[in-house]
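[1] A predicted structure for the sequence below; I have some questions about it.
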There are 2 protein chains.
Amino acid sequence: MATIYEVAALAGVSLSSVSRVMNNHPHVSEKTKIIVNAAMKELGYRPNSVARSLASKRSDCIGILVSELHGPFYGDMLSGIESELRTAGKHAIITAGHSDEATEKAGIDFLIDRNCDAIILLVDALSDDYLIKLSKGSTPIVVINRHITEIDKNCFYLDNFLGGYLATKHILEYGHKDIAYISGPLMKQDTTDRLNGHKKALTEFGIEFNEELFYVGTYLIESGKEGVNHLLKKQLPFTAIICANDEMASGAMKSIRDNDMAIPDDCSIIGFDNSFFTEYLHPQLTTVNYPIKDMAKMSALWILKNIYNNNKLIIKNEFTPTLVSRESIRSI
Amino acid sequence: MATIYEVAALAGVSLSSVSRVMNNHPHVSEKTKIIVNAAMKELGYRPNSVARSLASKRSDCIGILVSELHGPFYGDMLSGIESELRTAGKHAIITAGHSDEATEKAGIDFLIDRNCDAIILLVDALSDDYLIKLSKGSTPIVVINRHITEIDKNCFYLDNFLGGYLATKHILEYGHKDIAYISGPLMKQDTTDRLNGHKKALTEFGIEFNEELFYVGTYLIESGKEGVNHLLKKQLPFTAIICANDEMASGAMKSIRDNDMAIPDDCSIIGFDNSFFTEYLHPQLTTVNYPIKDMAKMSALWILKNIYNNNKLIIKNEFTPTLVSRESIRSI
DNA sequence: CTGTTAGCGCTTTCAT
DNA sequence: ATGAAAGCGCTAACAG
């Protein structure tokens, strides 16, 4: 691998000149530009980005910390960010936090230590306070799927309360009264927001929230199954299940069918996220659209605007969920 | 951010001593260790990994180049690799190649330029020759989902031929004779391997391959739909469709139902990959298991063994597909 | 066992 | 417009 020294020697100029043409500095003569470029080509020169990063304290890299690397939700998010960064000539460094506090902290440190110009965070375990403090550090951060008032402008979030409300209202409008709810882990803010939206809708329709028909899951398919089995065991009547995400909904659907009940005839069901596969379930799952890809792209755009000074971009922070009505709900 | 100088000053030792305790060198007195560690803690010192990487030419980072960041297949792969690396204290730097030659090359250069200790590749557009040449460079590479004889030991691949064979044999054993095939892009090796396996099974059963019932898709859901519509337009009889992956199979299922045909009564269908969602389709999709997560983990283990000298590990390169029989096929 | 001294490859003042 | 020189923070011989 040729270094900048060899390029300079071959071109018969100094290091600085090579550096200048590499970085498109103004005030470089056309002649130097040409001769240096020729030398670079001849040597197949590629700048060492580690050295560059050490000297300049920049890296053209954005760190991304996400809970998991698999799953439709995170996949769409990563894809959305990467595509925006790529078109801007920036790179993504991706790592996973596994919803564990120590792992999330370590992930952030890793990204900071690699001189990322900014970091995009989707974390569950870290406290608001930690993130607020982090935002005061020298590496700018952006937070997805979480609304922290103090760093409001750096947050990109869904109105989860509205989402929970919409789902439940939809169910209620179809005449359901005995409604089960399979929730995500209560430590997550989006989970509780959705749940509170749910409760608000219930209240509006004069229906009491029933702890007996409430199950706390993990957002994973398995816990959708477990949730249904748990509910069924209680022998309490219910005509609809609201699931806090699509994966649990698909697990729930399976379990319901395994118990010889039909969807939506014996039990209606609604999910959350509008993952790609919901359209391929049978029946097609009614759900709430979570525009994660748009949000992910927006977070990348924020960085392009605020870190790399692309001023043309217009940023919005809050995103709105919408109901996607399909086949998994029937009228009572 | 404190530097190694400040730590050395506070501890009253030289740089080298600090460096030595950081890197767990032998021949460091217990006393120095303690005093240096105390100084590090007091200053909240974190080594600058960029500087370290520049000086040492190592990074404890593994580069991963994958076609896409979303989708069940790539998600499982990334997850599998990351979990192995994490437990070994190594980090993943992930980027996407989008099945485009120039993008794949740029991705590789990016990873090399960041001093990755090794690179894991899942690429479609790059030629065997390019990869062979690359493997002679100074950054070790590992290739997933591709078998290149010359760099055999660095490849982790499925017996796609067998997979294609198994799928078709299964269909044939159920008595089908008019069999449609929705393929992936023919430029991909796994695609043609599967197709050749398919043809072999046909031959064994004395059935001729019918170009009219053959459709080249993209491995995306949409093209499963398009494939079915294309086939239906021809008005030729067929009782089963073999899809080269599950996503196209799910698209095909939807299209079939949209045309008022029942699965498997009017048309049997089989997929490939055994993606998580196939179990939640209706009917549950019969498919061929692709142990991508195991393969991904194995590729990571190869690196731990060969690059980081963890000799205990046993490596295998070829993986075997298995048939997963579910509900989407009926007897003729 | 510890300290000194060169770098790693590039950026960035500061002169000229 | 160009060059010289001083780092960026760390590692790694080499002495001692």
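    Thanks, I have the structure now. Being a predicted model, the structure only gives us computed values, none of them experimental.
[2] Three-state assignment for the spatially most central residue of chain A, please.
    Residue closest to the mean C-alpha point of chain A, counted by CA atoms, centre = their mean, is residue A:77 at 4.6 Å. Following DSSP: H, G, I helix; E, B strand; the rest coil, residue A:77 is assigned to helix.
[3] which residue, other than its chain neighbours, is closest to it?
    In this structure, residue A:77 finds its nearest non-sequential neighbour in residue A:296, 4.3 Å apart by CB to CB, 6 or more residues apart in numbering or on different chains. From N, CA and C alone the C-beta is placed, and that goes for glycine too.
[4] quick check: residues of the stretch 151-300 of chain A near chain B?
    For the stretch 151-300 of chain A, the residues in contact with chain B (CB under 8 Å from any CB of the partner chain) are A:221, A:250-251, A:253-254, A:276-277, A:279-283.
[5] buried stuff in the strand or helix carrying the residue nearest to residue A:77?
    Assigned by DSSP states H and E, residue A:296 belongs to helix A:292-306. Buried residues in helix A:292-306, counted by 16 or more other CB atoms under 10 Å in any protein chain shown: A:292-293, A:295-304, A:306.
[6] what's the neighbour count on the residue in the stretch 201-332 of chain A that DNA strand C sits nearest to?
    Using CB to the nearest atom of the strand, the single residue of the stretch 201-332 of chain A nearest to DNA strand C is residue A:308, 13.9 Å away. Neighbourhood size, residue A:308 [other CB atoms under 10 Å in any protein chain shown]: 16.
[7] which parts of chain A are helices?
    A:4-11, A:15-22, A:30-43, A:49-56, A:72-87, A:101-113, A:128-135, A:160-173, A:189-204, A:221-233, A:246-258, A:292-306 (DSSP state H).
[8] among these, which is nearest residue B:313?
    With CB to CB, the closest approach to residue B:313 among those belongs to helix A:101-113: 23.7 Å.
[9] pull out the buried residues from that closest one.
    Quick answer for helix A:101-113 (16+ other CB under 10 Å): A:103-108, A:110-113.
[10] could you pick out which of the residues you listed are near chain B?
    Applying CB under 8 Å from any CB, the subset of these adjacent to chain B comprises A:110, A:113.
[11] could you dump the buried residues of helix A:101-113 into TSV with pLDDT added?
    Formatted as TSV, those follow (pLDDT from 0 to 100):
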residue	pLDDT
A:103	95
A:104	96
A:105	95
A:106	93
A:107	93
A:108	95
A:110	91
A:111	93
A:112	92
A:113	89
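[12] from the buried residues of helix A:101-113, which is closest to DNA strand C?
    residue A:113 (15.9 Å).
[13] per-residue pLDDT, the residue nearest to that closest one when sequence neighbours are not counted?
    Excluding the flanking residues, the one nearest residue A:113 by CB to CB, 6+ apart is residue B:49, at 4.5 Å. Residue B:49 is assigned 93 on the pLDDT scale.
[14] domain ranges for chain A?
    A:4-56, A:61-158+A:292-319, A:160-290 (automatic domain parsing).
[15] I'd like to know which of the ones you listed is closest to residue B:264.
    Of these, nearest to residue B:264 by CB to CB is domain A:160-290, at 13.3 Å.
[16] run the chain-centre distance for the closest one.
    Relative to its parent chain, domain A:160-290 has a centroid offset of 22 Å by CA atoms, centre = their mean, to the nearest Å.
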